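> A predicted structure for the sequence below; I have some questions about it.
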Amino acid sequence: GGIITQTPKFLIGQEGQKLTLKCQQNFNHDTMYWYRQDSGKGLRLIYYSITENDLQKGDLSEGYDASREKKSSFSLTVTSAQKNEMAVFLCASSIQGNSDYTFGSGTRLLVI
Amino acid sequence: SQLAEENLWALSVHEGESVTVNCSYKTSITALQWYRQKSGEGPAQLILIRSNEREKRNGRLRATLDTSSQSSSLSITATRCEDTAVYFCATDEGGRALIFGTGTTVSVSP
């Protein structure tokens, strides 16, 4: 069985800071995703990547950058953290866009 | 844009009872998926039902799909306390990426 790992589990940043979240999977899945989860708003797509070095914007891409340098890893950068921001960032991978997704356990972000 | 949405924010049942979560969506789809998210964890897929299927079962779970009304339901029979979670439906947007609903919180009490 494979695993998808997100680091760090908790991230506390300061307003204006650039913050990077990492995600690794060993399923050999082609497609990887970053979602943001706010309380009461479900999951919103930030970026996804269908193969190494590919990047596709989701509905929430403004304020974020992403990088897929290897098939197994997908990183997300918050370019300028917003004060009082609090959310969970979820990484997922799948064989393709409409197959089942495997999610990591999330990175919990708090900006002070 | 919210292409899929669960109809209720929260449901409460007692152990052993059945519960049904409903979902409506706005576009044509190739498949609809149901996910469960327990506290502190990422979502986990429960059932994938394709547009040419009307019903799919997985143990105590049963999903239905009605493409004419663009709606789906997920039923859980003989509920257990460990079924307490947020349940999401998700649809693909032409195979691009899954779009998730806002979720329904199901609480199962002893």
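Looks like it arrived, so ask away.
> so what's the closest residue to chain B within chain A bridging to?
The minimum distance from chain A to chain B, using CB to the nearest CB, falls at A:Phe103 (3.1 Å). In short, each C-beta sits where N, CA and C put it, glycine included. When bridges are called by DSSP bridges, A:Phe103 pairs up with A:Ala92.
> next one: it relative to B:Thr84, how far apart?
18 Å (CB to CB, to the nearest Å).
> comparing those two, which shows the higher neighbour count?
Neighbours per residue (other CB atoms under 10 Å in any protein chain shown) separate A:Phe103 from B:Thr84, with A:Phe103 holding more: 23 against 17.
> and the closest residue in space to B:Ala31 that isn't next to it in sequence, its phi and psi?
What sits nearest to B:Ala31 in space, not counting adjacent residues and going by CB to CB, 6 or more residues apart in numbering or on different chains, is B:Arg50, at 4.7 Å. Listed backbone geometry of B:Arg50 is phi -90, psi 160, with angles given as degrees, to the nearest 10.
> what is the burial count for B:Arg50?
For B:Arg50, the neighbour count with other CB under 10 Å is 12.
> okay, and the beta partners of B:Glu55?
In this structure, B:Glu55 has beta-bridge partners B:Thr64, where bridges are defined by DSSP bridges.
> how much space separates it from B:Leu61?
11 Å.
> who's more crowded, those two?
For B:Glu55 versus B:Leu61, neighbours defined as other CB under 10 Å are more numerous around B:Leu61 (16 against 10).
> thanks again, I'm all set now.
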